[in-house]
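K.L.:
All I have is the shape, not the residue letters:
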């Protein structure tokens with residue numbers, strides 16, 4: 001007899017397993033109220049941020065937000081890529097009422113907070129509008145695109161190297177590069193950021209939220225950044241310098257850690273931010289910015305030691321600074337009587353010190369040169385005397401003004417003054433001969 005072919009059918013249970021067919025995106029959330037508005041806080045892995053939220057275009061600003069600086073976003077991307085311990089505050093996103101649904105968990109009430117599930121229809125993702133966080137979101141996009149592009153290039157490079165039988169060292173380098181990129185991608189895939197969804201229908205009130213956040217945020221002073229940001233070699237050198245018990249008497253206990261500028265009766269020689277600028281200038285010059293390569297090669301201990309040497313030369317060259325170091329003169333008096341009461345002038349001298357050392361001038365000869373300048377540092381600057389005329393005529397940039405106690409701090413004027421004083425070493429004005 002003919003046997004019938006028996007076909008077994010299996011009924012798969014796909015409920016809740018094929019997320020690509022879901023009608024909504026569902027998030028565990030915390031709901032609260034602030035300023036009469038509902039706020040929902042969710043947390044997303046970085047790859048989901050760039051697929052869920054709108055991506056700002058530097059060339060076409062959103063109607064309800066400011067234009068985006070692509071370089072700032074790229075800088076943030078590089079920060080997240082290179083710093084395993086990176087941190088960023090939550091993104092603030094506007095949604096319209098009626099486009100999201102909240103369902104509280106059983107027992108999910110905790111005082112004014114409720115925990116539950118937030119559902120966003122996938123055909124309503126466009127209702128997400130950025131209030132605060134444009135540069136971070138664009139930065140995440142640059143980060144992920146950059147990592148994937150770099151991985152493709154690295155894999156291609158390795159394949160080519162293997163095809164042409166390149167040296168083992170070359171192949172090993174490509175292999176290490178691929179592993180490094182994959183490790184970073186693995187980290188980024190699990191790194192998350194908090195997102196605060198604010199329910200607000202009125203676009204003008206949404207703009208006000210952005211303005212309110214900006215207006216009530218207190219900026220971080222350069223001095224605090226210099227002391228706390230240890231990702232920069234100059235800032236590490238600053239802390240090394242201040243913590244060293246052998247720091248020169250001119251500096252020890254005379255740096256204000258909280259102020260960018262010290263003026264008037266402030267008893268300190270300078271603020272921490274100004275000291276960081278001087279350390280940088282002594283290391284790479286008045287025109288210099290520490291490059292990414294230098295961040296890896298410069299040593300904070302060496303920078304701190306060289307800065308200390310500069311302040312020692314400065315103290316020994318200028319009697320008024322020696323008097324500060326010994327406690328015989330107060331800073332309030334120095335600011336009124338000497339141009340060296342200005343941290344800008346000290347940075348100028350740091351620039352001169354760097355240029356002369358780079359040109360091969362010995363520290364002894366630099367000190368001798370500074371001692372000649374020390375005869376002409378009285379303040380205020382006056383065109384009525386030869387010292388004042390020397391400073392007023394030093395540059396065409398107007399580094400000094402008649403009657404001023406310090407040079408101007410414009411970058412161009414400061415650079416010009418450094419160049420002028422360096423030039424005096426070989427071709428001194430009459431006052432220095």
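P.N.:
Cool, got the structure. Keep in mind that this is a model prediction, so the values were computed, not measured.

K.L.:
Tell me the buried residues in stretch 174-194?
P.N.:
The neighbour-count check on stretch 174-194 (16 or more other C-beta atoms under 10 Å) flags 174, 177, 178, 181, 184, 185, 188, 191, 193 as buried. Bear in mind the C-beta positions are built from the backbone N, C-alpha and C, glycine included.

K.L.:
and the helix or strand hosting the first one, how far out from the chain's middle?
P.N.:
If you go by DSSP states H and E, residue 174 is part of helix 168-190. Going by C-alpha atoms, centre = their mean, to the nearest Å, the spacing between the C-alpha centre of helix 168-190 and its chain's C-alpha centre is 26 Å.

K.L.:
so what does the helix or strand of the chain with the lowest mean pLDDT touch, helix or strand wise?
P.N.:
Sorted by mean pLDDT, DSSP states H and E, the helices and strands of the chain end with helix 222-228, the least confident at a mean of 78. When contacts are defined as 3 or more C-beta pairs under 8 Å, 6 or more residues apart in numbering; DSSP states H and E, helix 222-228 sits against helix 233-243, helix 272-284.

K.L.:
Recalculate using a threshold of 6 Å.
P.N.:
helix 272-284 (3 or more C-beta pairs under 6 Å, 6 or more residues apart in numbering; DSSP states H and E).

K.L.:
mean confidence score for the helix it packs on?
P.N.:
Averaging pLDDT along helix 272-284 gives 95.

K.L.:
Which element is encountered next along the chain beyond it?
P.N.:
Next along from helix 272-284, by DSSP H and E: helix 292-297.

K.L.:
Pull out the buried residues from whatever helix or strand comes next after that following helix.
P.N.:
Sequence order places helix 300-317 as the next helix or strand after helix 292-297, per DSSP H and E. Judged by neighbour count using 16+ other C-beta under 10 Å, the buried positions of helix 300-317 are 300, 303-308, 310-317.

K.L.:
List of residues touching helix 300-317?
P.N.:
Helix 300-317 is contacted from outside by 233, 236-237, 240-241, 247-248, 250-251, 279, 282-283, 321-322, 325, 350, 353, 367, 370-371, 374, using C-beta atoms under 6 Å, 6 or more residues apart in numbering.

K.L.:
Drop anything exposed from these.
P.N.:
Buried among these (16+ other C-beta under 10 Å): 233, 236-237, 240-241, 247-248, 250-251, 279, 282-283, 321-322, 325, 350, 353, 370, 374.

K.L.:
Dihedrals phi and psi, residue 263?
P.N.:
phi -140, psi 170 (degrees, to the nearest 10).

K.L.:
Now do the SS call for the nearest residue to it once chain neighbours are set aside.
P.N.:
With C-beta to C-beta, 6 or more residues apart in numbering as the measure, residue 335 is the residue that lies nearest to residue 263, at 7.1 Å, once sequence neighbours are left out. At residue 335 the chain is in helix, as set by DSSP: H, G, I helix; E, B strand; the rest coil.

K.L.:
Next one: residue 335 relative to residue 377, how far apart?
P.N.:
From residue 335 across to residue 377, the span is 12 Å (C-beta to C-beta, to the nearest Å).

K.L.:
ditto for residue 401
P.N.:
In terms of C-beta to C-beta, residue 401 sits 16 Å off from residue 377.

K.L.:
More neighbours: the two, which one.
P.N.:
residue 377 (20 against 14; other C-beta atoms under 10 Å).

K.L.:
give the contact list for that one.
P.N.:
338, 339, 340.

K.L.:
redo that, cut-off 7 Å
P.N.:
Residue 377 is in contact with 318, 320, 338, 339, 340, counting by C-beta atoms under 7 Å, 6 or more residues apart in numbering.

K.L.:
List phi and psi for it.
P.N.:
phi -110, psi 10.

K.L.:
Go ahead and name everything in contact with the least confident helix or strand of the chain.
P.N.:
Here helix 222-228 has contacts from 235, 238, 239, 257, 258, 259, 260, 271, 272, 273, 276, using C-beta under 7 Å, 6+ apart.

K.L.:
in that helix, what counts as buried?
P.N.:
222, 223, 224, 225, 226, 227.

K.L.:
Mind putting those residues into CSV with distance to residue 135?
P.N.:
Formatted as CSV, the buried residues of helix 222-228 follow (distance: C-beta to C-beta, whole Å):
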residue, distance to residue 135
222, 20
223, 24
224, 21
225, 18
226, 23
227, 25
